[in-house]
Structure formats: C-alpha cells, structure tokens
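[1] Got a predicted structure here, sequence first:
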Amino acid sequence: MSRVGKNPVAIPSGVTIEIANDVIKAKGKRGELSYQLSDEVEVIHADNVVSITPKSKSKRSRSMWGTTRARVNNLVQGVSEGFTINLEINGVGYRAAVEGKELVLQLGYSHPVRYPIPDGIVMKCERPTAISIEGNDKQQVGQLAAEIRGFRPPEPFKGKGIKYATETIRRKEGKKK
C-alpha cells in the first residue's frame, strides 16, 4: 500500500479542479496548471478533496498511485502558493544580477554566464550573492535551480560555488605541509 498515495489531497479555497479526458487541471490565484493522468490510476474529486486509487494490483499501477498523488498535490500547491528555491553564491568576485529577461552570473570564468529566464518564472537577486527562483511548476523551478547550480557547483575545500540555501557542504581538509 502506498503511504503517499493513500492520503487525499485537500483543495484550498480559491482553487478549482477539473478532470476530463485523463487530464487534471487546477486553476487558482497564481494561474493554471495541468497534468496528464496515467491510465493505471483512478482520480475522484469530491467535497474539496481529490483521492487517487490504483485500478489494479500491478506493480506499475501501485507505483503510479503515489506519483500521481504527489503530482496532483504539487499542482494544487503551485496554483495556490507557488514554489521558491533560494541559491547562495560563495567565492571572491562571484556575483549574480538580473538584467531584463536574463540572469547574469560572474563565476570566475573569463566571461559572464548569461542564463535566459523562461516565462512563468520570477528570479530575484536581493543581494549579489543570493538568487531566488519562484514559479508555479515545482518541476520547472527545481530544474532551473539545478541548471544554475551546475554552472559552478560548490567544491569541498573552500566551499566556493553556487549552492542551495538549505544545503550544507561537507568540507575536506586541505594539503598538509
């Protein structure tokens, strides 16, 4: 039995859910998101609650049960509150700035790294060493954060690079004389 899938998804006020042709659509104050449902699960919407049940006892059906519940929960949370990931930059001369529809990163390379900001995403740099990524789609926000972190991942000796605000870098001891 899926520990995630058995929990119903509560729908907050201000969010509407539509289920038609194996597509679930959530509409809220932050916009509209949709998800293509698997034919392995059954989704029932009643009394401001969405519950998901597997159609059969197959392994794939039980796997999609928890996945579908998590994706539906992310839709509801995305259109009501949205998602935010904060990144921190450590290193001498490392900095970030938002210029128009681009994020410009100075990461110790011979050139600045320019990253275009896609539609539906808001990036802010309150300080030159902090980046905030906000959006409705959890997958898209997480993917963008991972790509930006990938330009200069944190290294274990001095901790220089881009890291998640919640991440801790395991430090190594340097060379001995």
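    Structure received.
[2] Would you mind listing the residues in contact with residue 101?
    Residue 101 is in contact with 116, 117, counting by CB atoms under 8 Å, 6 or more residues apart in numbering. For glycine as for every other residue, the C-beta is placed from the backbone atoms N, C-alpha and C.
[3] Renumber starting at 51 from here on
    Sounds good: first residue 51 from here, last item residue 151.
[4] Which phi and psi values does it adopt?
    Note on residue 151: its backbone torsions stand at phi -100, psi 30 [degrees, to the nearest 10].
[5] where does this protein have low pLDDT?
    For the chain, the stretches flagged by pLDDT under 70 are 51-52.
[6] can you give me the strands in the chain?
    Taking DSSP state E as the test, the strands found in the chain are 59-60, 66-70, 73-78, 81-86, 91-96, 99-104, 133-140, 145-149, 152-156, 163-166, 171-174, 180-185, 211-214.
[7] Looking at these, spot the one closest to residue 123.
    Across those, residue 123 has its closest neighbour in strand 59-60 (4.9 Å, CB to CB).
[8] which helices and strands does that closest one pack with?
    If you count contacts as 3 or more CB pairs under 8 Å, 6 or more residues apart in numbering; DSSP states H and E, strand 59-60 packs onto strand 99-104, helix 109-130.
[9] Using CSV, lay out the strands of the chain together with mean neighbour count and distance to residue 53.
    Shown next, in CSV, are the strands of the chain (neighbours: other CB atoms under 10 Å; distance: least, CB to CB, whole Å):
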stretch, mean neighbour count, distance to residue 53
strand 59-60, 18, 14
strand 66-70, 13, 23
strand 73-78, 19, 21
strand 81-86, 14, 21
strand 91-96, 15, 16
strand 99-104, 19, 13
strand 133-140, 18, 23
strand 145-149, 16, 39
strand 152-156, 18, 38
strand 163-166, 12, 37
strand 171-174, 15, 32
strand 180-185, 19, 28
strand 211-214, 19, 26
